[in-house]
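[1] Kindly generate the corresponding structure for this input.
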Amino acid sequence: MSLKKISFLIITSIILLATISLQAQNFTEKNNLISRQYKDSNSKAKWEVEVNYPELTLKNKKIAADFNKISKALVMVQVAEFKKMFINDKNDSDIPYDMSISYSVEYMNKNIASFLFFGREYTGGAHGNSWSFVLNYDLKNNRQLVLSNLFNQGSNFLAIMSKQSILQVIAKQGEPSTKEWVEGGAGKNIENFKSWVITEEGLKFTFDPYQVASYAEGIFTTVVPYEAFSLSPTFTNLLSKK
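    Residues are numbered from 1 along each chain as shown. Model prediction:
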């Protein structure tokens, strides 16, 4: 075998080993994330469902089981609501009604798992409907996180989220003709910020169609850096990758 071929094989082996090592590292960092799928359809009633949700395998089997139960329930309750529509009503259209749910991993370390879900359904009309929902989980203490868990007591986090989100949405829209719409949908109401996830840069908020703008303008997202908040030591420790 020539020296050139030997060198090529060595380099190829090194690249392959590095790739395998990187894949193994990513798998470990993602806490053995598994994507589960549920599909169903009814040709007579003319509807279809396809949803995906995350499942974790962890050393602590109780935490994994609790997380997986909540993750599945979040999507399946929405599937049940979709199917309920067809108990008394039937689809007279030639186009099947459908519902789908997908998700993205926004942040994950050994302490936290943060997922953003997007749902979409079509049940007639000019266009479908879409919405977002989230699952933010404290894997260390086995609990779902709520916004108030993240900040020091008495900190004015809602005002900070609102002010920065309004500015970011307006900047993305240009000069909106419906400034009141933006200020209403991203105003100081905790319900406006129910779709939040953890990211490397800060807290990411998703505003669904019609919340801060018309349906045609779509979904808006904002990211408020952690430095803007007074974070609780407990949450700061959870963010640590050590």
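[2] how many neighbours does residue 194 have?
    14 (other Cβ atoms under 10 Å). All C-beta atoms are positioned from the backbone trio N, CA, C, and that covers glycine.
[3] Residue 208 too?
    Around residue 208 there are 19 residues (other Cβ under 10 Å).
[4] what's near enough to touch it?
    Each residue near residue 208 by Cβ atoms under 8 Å, 6 or more residues apart in numbering is listed here: 130-132, 195, 219.
[5] So which of those belong to helices?
    Judged by DSSP state H, these include no members of helices.
[6] and these, which are buried?
    Buried members of those, scored by 16 or more other Cβ atoms under 10 Å, are 130-132, 195, 219.
[7] Relative to residue 236, which of these is nearest.
    residue 195 (22.9 Å; Cβ to Cβ).
[8] thought the closest one was touching residue 133?
    Yes. Shown here, residue 195 and residue 133 form a contact pair, counting by Cβ atoms under 8 Å, at 6.4 Å.
[9] shared neighbours of the two, which are they?
    Common neighbours of residue 195 and residue 133 (Cβ under 8 Å, 6+ apart) do not exist.
[10] picking that back up, output the buried ones among the contacts of residue 208 in TSV, with pLDDT and distance to residue 83 appended to each entry.
    Shown next, in TSV, are the buried ones among the contacts of residue 208 (pLDDT from 0 to 100; distance: Cβ to Cβ, whole Å):
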residue	pLDDT	distance to residue 83
130	94	19
131	96	17
132	97	21
195	98	24
219	93	25
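[11] domain assignment for the chain?
    Domain segmentation of the chain under automatic domain parsing yields 30-145, 146-242.
[12] Tell me how far the first one lies from the chain's centre.
    Mean-position distance between domain 30-145 and its chain equals 10 Å (Cα atoms, centre = their mean, to the nearest Å).
[13] Can you tell me who residue 97 pairs with across the strands?
    Beta-bridge pairing for residue 97 (DSSP bridges): residue 47.
[14] Next, count neighbours for it.
    Neighbour count for residue 97, taken as other Cβ under 10 Å: 21.
[15] Am I right that it is in contact with residue 128?
    No. Assessed by Cβ under 8 Å, residue 97 is found out of contact with residue 128, at 9.4 Å.
[16] any shared contact partners between those two?
    Common neighbours of residue 97 and residue 128 (Cβ under 8 Å, 6+ apart) are 121-122.
[17] so residue 234 makes contact with residue 149?
    Yes. Judged on Cβ under 8 Å, residue 234 makes contact with residue 149 at a distance of 7.5 Å.
[18] residue ranges of the strands in the protein, please?
    33-42, 47-56, 97-108, 112-122, 129-138, 143-144, 196-198, 202-207, 220-225 (DSSP state E).
[19] Can you list the low-confidence ranges for this structure?
    1-31, 88-91, 175-177, 241-242 (pLDDT under 70).
[20] tell me, what residue is most central in it?
    residue 116 (0.4 Å; Cα atoms, centre = their mean).
[21] residues contacting that one?
    103-104, 106, 132, 134, 195, 197, 204, 206.
[22] same thing but at 6 Å, please
    104, 106, 134, 197 (Cβ atoms under 6 Å, 6 or more residues apart in numbering).
[23] OK, contacts around the closest residue in space to the second one that isn't next to it in sequence?
    If the residues on either side of it in the chain are set aside, residue 106 comes closest to residue 197, at 4.0 Å by Cβ to Cβ, 6 or more residues apart in numbering. Taking Cβ under 6 Å, 6+ apart as the contact definition, residue 197 lies against 106, 114, 116, 134, 204.
[24] Ok, residue 55 next?
    34, 36, 68.
[25] Can you tell me how far residue 52 is from residue 196?
    21 Å (Cβ to Cβ, to the nearest Å).
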